[in-house]
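Enquirer: build me a structure from this.
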Amino acid sequence: MPLFFLISGIFAAPALVRPWPSLWRSRVAPLCYLLVLWTTIDTLVLQLTPKFATVIAHSPRDLLEQVTTRPGILWYLLALPVYVLVARATRSFPWAALLAALALYLVVNLGIVPTERHQTSLAANLVWFLLGTRLDALRVRSRLAGVPAALPAVLLVVFALAAWLRMGLIADPQDGAAVIATLAVGALGVVSGLTVAGSLARGSRLGAAVAAVGHRTLAVYVMHLPLVALAHFAMVELLRGPAAPVADSPVLMAAYPAAMTAAVVSACLLLHRVLLAQGCWWLFAAPWQPPRAARIAAAVPRHRRER
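Expert: Model prediction:
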């Protein structure tokens with residue numbers, strides 16, 4: 001999550017110089033629209049799997065809380081516009097704002113102010129987003145172009161995570177040592193992630209494939225949970241039947257998460273392409289601001305019919 005929000009901050013930084021009305025139309029309002037739209041869609045679909053372990057709105061009041069004060073699984077779509085507004089408002093004193101965000105990180109993670117799971121994430125990740133907005137994106141890109149092999153950085157993070165788990169710091173996440181260790185591991189994760197990105201970007205086919213998925217992460221993010229819930233429901237029913245003995249297989253337990261991830265991501269990307277081809281770009285962009293790629297994709301079937 002630290003890497004995720006730091007990169008989001010890097011991408012958002014150029015927009016922070018825009019006037020407030022322009023920033024609202026281009027960055028804030030579209031995300032608010034998507035939050036309300038997909039929270040509603042996900043809520044309706046998840047009614048089919050009431051036993052799935054996630055927060056589901058059961059009333060209009062619950063739905064209103066999920067898009068305002070008590071965000072659900074789509075909390076990133078609430079966090080990002082809030083972060084953009086905070087970054088724009090504090091543009092004149094960036095480092096003071098960064099220190100205040102770090103203090104907020106410590107306050108919520110130490111449990112000084114009681115918060116729920118996604119509320120904690122909403123408050124704690126502001127520090128990484130603001131750090132990203134303060135970085136020079138061009139300088140980061142030039143530095144990444146010359147980074148060494150990613151393996152040492154990845155091994156460093158693996159070692160840090162192993163030490164973190166071995167010390168039992170995850171057992172009491174609000175312990176002071178655990179909070180500081182989590183912050184340190186997050187910083188190492190950022191360095192490792194940027195290093196891996198730089199290595200992949202140097203003419204790698206794998207890097208091109210990852211980038212292609214990266215351009216479509218919004219579709220995966222907003223659609224994945226209902227698909228996971230439906231797939232999980234189907235698998236539970238299947239393994240209760242003739243395939244029940246297979247459920248205890250260590251091989252299946254090890255392969256299931258990776259296989260489910262690959263299947264759900266592929267399904268999201270395929271469904272995204274189909275929806276764009278049918279002109280449903282408004283599911284992934286605000287109606288007043290359709291992206292160029294979505295307009296082209298939506299226009300293809302029309303163009304063929306005209307010919």
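Enquirer: from residue 264, how far out is residue 231?
Expert: 7 Å (Cβ to Cβ, to the nearest Å). Backbone N, C-alpha and C define where each C-beta goes, glycine included.
Enquirer: neighbour-wise, which of the two wins?
Expert: The residue with more neighbours, out of residue 231 and residue 264, is residue 264; 20 against 15, by other Cβ atoms under 10 Å.
Enquirer: gap between residue 76 and residue 121?
Expert: Going from residue 76 to residue 121 by Cβ to Cβ gives 9 Å.
Enquirer: got it, and residue 269?
Expert: 25 Å.
Enquirer: with residue 288 instead?
Expert: 29 Å.
Enquirer: the more surrounded of those two?
Expert: Counted by other Cβ under 10 Å, residue 288 and residue 121 do not tie: residue 121 has more neighbours, with 17 against 10.
Enquirer: list phi and psi for the nearest residue to the more buried one once chain neighbours are set aside.
Expert: Nearest residue to residue 121, sequence neighbours excluded (Cβ to Cβ, 6 or more residues apart in numbering): residue 75, at 6.3 Å. With angles defined as degrees, to the nearest 10, residue 75 sits at phi -60, psi -20.
Enquirer: what's the answer for residue 284, then?
Expert: Backbone torsions for residue 284, taken as degrees, to the nearest 10, come to phi -130, psi 0.
Enquirer: likewise residue 215?
Expert: phi -70, psi -10.
Enquirer: same question for residue 280.
Expert: Backbone torsions of residue 280, given as degrees, to the nearest 10, read phi -90, psi 40.
Enquirer: and it, how far from residue 223?
Expert: According to Cβ to Cβ, residue 280 stands 12 Å off from residue 223.
Enquirer: the more surrounded of these two?
Expert: The neighbour comparison of residue 280 against residue 223 (other Cβ under 10 Å) goes to residue 223, with 24 against 14.
Enquirer: what packs against the helix or strand containing residue 270?
Expert: Using DSSP states H and E, residue 270 maps to helix 250-277. With contacts taken as 3 or more Cβ pairs under 8 Å, 6 or more residues apart in numbering; DSSP states H and E, helix 250-277 sits against helix 217-240, helix 292-306.
Enquirer: so which bits of that helix are buried?
Expert: By 16 or more other Cβ atoms under 10 Å, the buried positions in helix 250-277 come out as 264-265, 267-269, 272, 275-276.
Enquirer: just those now: which is nearest residue 208?
Expert: Of all these, residue 269 has the smallest distance to residue 208: 15.1 Å, by Cβ to Cβ.
Enquirer: just the strands in the protein please.
Expert: With DSSP state E as the criterion, the chain has no strands.
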